[in-house]
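got a sequence here, can you model it:
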Amino acid sequence: MVLEADSELADIESSAEGLLYQFVGEPYQMKEQDLLLLLQVQGIAEEKIQDVIDYLLYLGFLGVRVGDGDPRYIYNFGYDLRILKAVRRKNEKNSGLIFLSLRAKCRLH
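Modelled structure (predicted):
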């Protein structure tokens, strides 16, 4: 699964090849600015960063916290990326936090 997702990421942005492996050892919860830094260090073109984040959200690799509850991932929203992105935008309290999926982390270790 990681190889397939990595290949699809490389289709979005060639410098994203191997990106998923950069998350090994990263904390379960990270600030959005740390995610952006990780993407920049990987060499993701600035104009492609949002596309890459959207794809990671779509994969269920990244999630967002809604209120004080547990992090939510795309499968919590019927695999509708538009809903997930709207919830992320409207949830200002936690909008700066990104959560790595525990399932994704398990696949990488």
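
show me the shaky parts of the chain.
Within the chain, the stretches with pLDDT under 70 are 1-2, 92-97, 101-109.

all helices of it, in order?
2-12, 32-42, 49-59, 81-90, 102-108 (DSSP state H).

with just CA atoms, put the second one into CSV.
Extracted in CSV, the C-alpha atoms of helix 32-42 (Å, rounded to 0.1, in the frame of the first residue of the first chain):
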residue,chain,number,x,y,z
GLU,A,32,0.6,22.3,10.4
GLN,A,33,3.7,24.5,10.2
ASP,A,34,5.8,21.4,11.0
LEU,A,35,4.0,19.5,8.2
LEU,A,36,4.7,22.3,5.8
LEU,A,37,8.4,22.3,6.8
LEU,A,38,8.6,18.6,6.3
LEU,A,39,7.1,19.0,2.8
GLN,A,40,9.4,21.8,1.9
VAL,A,41,12.5,19.9,3.1
GLN,A,42,11.3,17.0,0.8
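
contact partners of it?
15-16, 18-19, 22-23, 26, 46, 49, 52-53, 62, 95-98 (CB atoms under 8 Å, 6 or more residues apart in numbering). For the C-beta atoms, the positions are set from N, CA and C on the backbone; glycine is no exception.

now do the contacts for residue 71.
By CB under 8 Å, 6+ apart, residue 71 lies in contact with 29, 63, 64, 65, 99.

same question for residue 8.
With CB under 8 Å, 6+ apart, residue 8 has these contacts: residue 55.

any idea how far it lies from residue 37?
Residue 8 sits at a distance of 23 Å from residue 37 (criterion: CB to CB, to the nearest Å).

spatially central residue in this protein, please.
Taking CA atoms, centre = their mean, the centroid of the chain lies closest to residue 62, which sits 3.3 Å from it.

which residue, neighbours along the chain excluded, lies closest to that residue?
Of all residues not flanking residue 62 in the chain, residue 56 sits nearest, at 4.4 Å (CB to CB, 6 or more residues apart in numbering).

give me the number of residues near the one you found?
25 (other CB atoms under 10 Å).

repeat that for residue 30.
Counted with other CB under 10 Å, residue 30 comes out at 18.
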